[in-house]
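1. please work out how this folds:
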Amino acid sequence: MKILLVEDEPKVSAFIRRGLEEEGFAVDVAFDGDMGRRLALAQPYDLVILDVILPLFNGYEVLTAIRRQDQQLPVLMLTALGTTQDKLQGFGGGADDYLVKPFDFPELVARVHALTRRRGQQAKSMVLTLADLQIDTSAKTVARAGQPLKLTAREFGLLELFMRQTGRVLSRAEIAGDVWEDSFDAGSNVVDVYVNYLRNKIDKGFSPKLIHTVVGMGYVMRVDD
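-> Okay, here's the model as predicted:
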């Protein structure tokens, strides 16, 4: 399980990181809100632990950015702000849990285990959602804004890959290796062709656009601001 810790106090972040790594978690640390936001939107984390009082962007702003792109990623607010209003603002913004500093580390660990266990159960879910796009990987159905969409088997495989890697830039070679496996001709433009097919079906006539080209790198599925 991979955790993003967004905490600007070096001693606090070092203490939390060391303790979580001893529990078997991989931990990345962001020391300001901008870095935290960018990492949360670009990397596939299983949990974000988020302070509120941060440089550049506060924790509530980071939480809003995360929820625009990912409704399922667990977020635990870890902050000295402990009034009822503070907690309501956190939960209202989409936080899954809220722990006030100072805290007992065993309690933090227990909450982290609970949230990551829930994340693992979600990963097994057959339904994947981004914005108003929903795919059922068991029934092989796709809908956008409640409107059913018809995809070929190859298009569905491509979309499922994008949905499982939301926010991560996928190279053409990586896409081809996953969707086409051994049948892919490295000299062809088949990936670009099928991405265009998919865009015409899931993005054309809908907003926001979900499939984006990253010049020189590949493609990414995300909700832009």
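
2. give me the residue at the spatial middle of this structure.
-> What sits nearest the mean C-alpha location of the chain, by C-alpha atoms, centre = their mean, is residue 70, with 4.9 Å.

3. so where is the protein shaky, pLDDT-wise?
-> The model of the chain has pLDDT under 70 over residues 119-125, 181-187, 225.

4. ranges for the helices of it?
-> Remark: helices assigned in the chain by DSSP state H are 10-22, 33-42, 59-69, 84-92, 105-123, 153-164, 172-179, 190-202.

5. who's in contact with the second one?
-> In other words, helix 33-42. Helix 33-42 has contacts (C-beta atoms under 8 Å, 6 or more residues apart in numbering) with 4, 6, 28, 30, 45, 48, 50, 54-59, 61-62, 65-66, 69-70, 73, 167-169, 222. Quick note: C-beta positions are derived from backbone N, CA and C, even for glycine.

6. if we go to 7 Å?
-> Residues from elsewhere that reach helix 33-42 (C-beta atoms under 7 Å, 6 or more residues apart in numbering): 4, 6, 28, 30, 48, 50, 54-59, 61-62, 65-66, 69, 167-168, 222.

7. now do the longest one
-> By C-beta under 7 Å, 6+ apart, the surrounding residues in contact with helix 105-123 are 1, 19, 20, 23, 46, 47, 72, 74, 76, 96, 97, 99.

8. could you rerun that using 10 Å?
-> For helix 105-123, contacts defined as C-beta atoms under 10 Å, 6 or more residues apart in numbering pick out 1-3, 15-16, 19-20, 22-23, 25, 45-49, 72-76, 78, 96-99, 101, 103-104, 128, 164.

9. show me what contacts the residue nearest to residue 79 when sequence neighbours are not counted?
-> Nearest non-adjacent residue to residue 79, counting by C-beta to C-beta, 6 or more residues apart in numbering: residue 52, 4.0 Å away. Listed by C-beta under 10 Å, 6+ apart, the contact set of residue 52 reads 6, 33, 58-63, 77-81, 86, 89-90, 95, 98.

10. 6 Å instead?
-> By C-beta atoms under 6 Å, 6 or more residues apart in numbering, the contact set of residue 52 is 58, 59, 79, 81.

11. if I look at the third one, how far off is residue 209?
-> When you say that, I think you mean residue 79. Per C-beta to C-beta, to the nearest Å, residue 79 is found 34 Å from residue 209.

12. also residue 136?
-> Going from residue 136 to residue 209 by C-beta to C-beta gives 22 Å.

13. distance of residue 54 from residue 78?
-> For residue 54 relative to residue 78 (C-beta to C-beta), the value is 11 Å.

14. nope, residue 189 is what I meant
-> 47 Å.

15. and these two? Which one has more around it.
-> Taking other C-beta atoms under 10 Å, residue 189 and residue 78 do not tie; residue 78 has more neighbours (22 against 11).

16. run through the bridge partners of that one.
-> Under DSSP bridges, the beta-bridge partners of residue 78 are residue 99.

17. ok, it - contacts?
-> By C-beta under 6 Å, 6+ apart, the neighbours of residue 78 are 49, 51, 99.
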